[in-house]
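[1] Got a sequence here, can you model it:
(one chain, ligands or ions: 1)
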Amino acid sequence: MKFQVRYGIVLFLILLCAGGVVFYLASSGEDIPALGDKTEDNGVVTEEKPEEILPFICPFDGIRLKEMPFRPVAVTIDNLTAARPQSGLRAADLIYEIPAEGGITRFLALYFHGQADKIGPIRSARPYFVRLAQEWHGVYIHAGESPQAQIYFKNEDVDHINEMFNPQGFWRDKTRKAPHNLYSSSENLWQETVKRGWDEKVDITGFSFLSEGEVLKGEEADQVIINYPFEQVVFKKDSLSGQYQRFLGNKPHIDKETGEQLTAANIIVQETKVRVLDNEGRLEIELAGEGRAWLFSGGKAVEGRWIKNGEERTQYIDADGNEFCLKPGQTWIEIVSKSNKVEY
Ligand SMILES: [Zn+2]
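    Model (predicted):
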C-alpha cells in the first residue's frame, strides 16, 4: 500500500516536470521529496530565499528594518471602559501607560515603523503626554486638551495635530459613542505630518537591546501586577513565546482589530511623583529628575532608576549604572505613583 502511494506520487511528479524531478528522485535514493519543502501560494511554487540581514535597527523595539522611518507620531489613546477594546495598540513601536483623572490611565502609543489601519479611540492632551512625545521627537496627536495642556502648547514649540481644529485624516466610528469613537490611521497621520512640512528626519537615540539568545539576569518575575486606582493591570509571562500577556484584572486585554491579546516583550515601570492639580482631578506628573524604575523581561526583573536631565530622553539604568537592556519587541512603559503598588 505504502509502495503504491509513493509510486503514484512519483508518477505524478514525473508527468508534471519530467526532467528535473526524475534526476532528483534518482539521486536521493528512495526518499520522495515532500511537497511542503517549498512554499505554495495559489499553486505557484516558490523557493525559500535565505533571510537577508536588514541594515537598520528600530530605536524603539530593536527590530531590524530595511529603511529607517523619518519621524514617529505619538497618539493619545483612551482607556475608559467605553473605549475598549482599543485599535492599533499591537502595532505600536512603544506604548506608555500613564495615569489621568480619576485613577484611569491613558496610553501614548508611538508609531515609527509600526503601521496600523485604525488607531484609537484618540483623546485629549495632557502636558505630560506632550513631554513624552517630545522626548522622541514625535508629532503629537490629540483631540482637545486640558487647560494645562493649552498653556503648554502656548509656551512651547510643539509639532502637534489637534483633531478639534484639524479633522482631516480622522474619522468617527458610528458604532461607538462619542468621545470614545475617534480614530485615524498611520497612513493618514503621516499624510497630515507631510502636509505641515514636519516630515524631517529626526535623530533618535534608542534603547539598548539584548543580542539574540541573550537573556536578562535578575529575580524571577513571571507575573507583574500594577495596582492603578481604577483597576489592576496584570502582565503574565507566556512560557511558549516568552512574551508577557496583558490582562485587566483577570480579563485578557485585546486589540479590537486583530482580536489578539496585547503583549509586551518588556515592561518598564517608572515610579514618580503624581499630584492632583484641580477640581477635575487633573494631574501633574513629574517626568524630570529621577526615581525608581524596574525592568521586566523574559520572566526576570531588574530594579534600577530612571533619570531625565533637560531635553535628553529618559535613561533607565540598573544598579551598576548601565542602561536597561531590552529584549527586541514591544515595550510598555508603565508610569506609576508611589501609591500604585507594583507586585511581582
Ligand atoms: Zn519599531
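
[2] Could the C-alpha coordinates of stretch 281-294 be exported in CSV?
    C-alpha atoms of stretch 281-294 as CSV (Å, rounded to 0.1, in the frame of the first residue of the first chain):
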residue,chain,number,x,y,z
GLY,A,281,-8.8,65.7,39.3
ARG,A,282,-6.2,66.6,36.6
LEU,A,283,-2.7,65.5,37.4
GLU,A,284,0.8,66.8,37.4
ILE,A,285,3.2,64.0,36.8
GLU,A,286,6.9,64.7,37.3
LEU,A,287,8.9,63.4,34.4
ALA,A,288,12.2,65.3,35.0
GLY,A,289,14.7,64.4,37.7
GLU,A,290,15.0,60.8,38.8
GLY,A,291,13.3,58.0,40.6
ARG,A,292,12.9,54.2,41.0
ALA,A,293,12.4,52.0,37.9
TRP,A,294,12.1,48.3,37.2
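
[3] What residues sit buried inside that stretch?
    282, 283, 285, 287, 291, 293, 294 (16 or more other C-beta atoms under 10 Å). For the C-beta atoms, the positions are set from N, CA and C on the backbone; glycine is no exception.

[4] Same list (these) but as JSON lines, adding distance to residue 187, secondary structure and pLDDT.
    Output for the buried residues of stretch 281-294, formatted as JSON lines (distance: C-beta to C-beta, whole Å; DSSP: H, G, I helix; E, B strand; the rest coil; pLDDT from 0 to 100):
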{"residue": "282", "distance to residue 187": "33", "secondary structure": "coil", "pLDDT": "92"}
{"residue": "283", "distance to residue 187": "33", "secondary structure": "strand", "pLDDT": "90"}
{"residue": "285", "distance to residue 187": "31", "secondary structure": "strand", "pLDDT": "94"}
{"residue": "287", "distance to residue 187": "30", "secondary structure": "coil", "pLDDT": "95"}
{"residue": "291", "distance to residue 187": "37", "secondary structure": "strand", "pLDDT": "98"}
{"residue": "293", "distance to residue 187": "34", "secondary structure": "strand", "pLDDT": "98"}
{"residue": "294", "distance to residue 187": "36", "secondary structure": "strand", "pLDDT": "98"}
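
[5] would you turn these into JSON lines with distance to the ion?
    Output for these, formatted as JSON lines (distance: C-beta to the ion, whole Å):
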{"residue": "282", "distance to the ion": "32"}
{"residue": "283", "distance to the ion": "29"}
{"residue": "285", "distance to the ion": "25"}
{"residue": "287", "distance to the ion": "22"}
{"residue": "291", "distance to the ion": "26"}
{"residue": "293", "distance to the ion": "22"}
{"residue": "294", "distance to the ion": "23"}
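
[6] Among those, which pair sits farthest apart?
    Spatial extent of the buried residues of stretch 281-294 (C-beta to C-beta) is set by the pair 282 and 294 at 26.8 Å.

[7] Have a look at this structure and report the helix or strand with the lowest mean pLDDT.
    helix 18-27 (a mean of 39; mean pLDDT, DSSP states H and E).

[8] Do a quick rundown of the helices in this structure.
    For the chain, the helices defined by DSSP state H occupy 2-16, 18-27, 127-135, 147-155, 186-195.

[9] Report whether the last one contacts the ion.
    So that's helix 186-195. No: using C-beta under 5 Å from the ion, helix 186-195 never reaches the ion; the gap is at least 11.9 Å.

[10] what separates residue 116 from residue 89, distance-wise?
    The gap separating residue 116 from residue 89 is 8 Å, by C-beta to C-beta, to the nearest Å.

[11] Comparing these two, which shows the higher neighbour count?
    Neighbour count, other C-beta atoms under 10 Å: between residue 116 and residue 89, residue 89 has more, with 27 against 24.

[12] show me the contacts for that one.
    Under the criterion of C-beta atoms under 8 Å, 6 or more residues apart in numbering, the neighbours of residue 89 are 77, 95, 107, 109, 255, 262.

[13] Can you check these and name whichever has the most neighbours?
    When those are compared by neighbour count (other C-beta under 10 Å), residue 109 ends up highest, at 27 neighbours.

[14] Now it. Nearest residue, chain neighbours left out?
    In space, residue 109 comes closest to residue 92 once its chain neighbours are excluded; the distance is 4.0 Å by C-beta to C-beta, 6 or more residues apart in numbering.

[15] what about the one you found, distance to residue 330?
    Going from residue 92 to residue 330 by C-beta to C-beta gives 7 Å.

[16] Strands along the stretch 51-200 of the chain, start to end?
    Remark: strands assigned in the stretch 51-200 of the chain by DSSP state E, counting those that start in this stretch are 56-57, 64-65, 73-77, 94-99, 105-111, 139-142, 160-162, 171-172, 182-183.

[17] so how far is the first one from its chain's centroid?
    Centre-to-centre, strand 56-57 and its host chain are 17 Å apart (C-alpha atoms, centre = their mean, to the nearest Å).

[18] That strand and the ion, are they touching?
    No: judged by C-beta under 5 Å from the ion, strand 56-57 stays clear of the ion, getting no closer than 8.9 Å.

[19] other SSEs contacting that strand?
    The contact analysis (3 or more C-beta pairs under 8 Å, 6 or more residues apart in numbering; DSSP states H and E) places strand 56-57 against strand 64-65.
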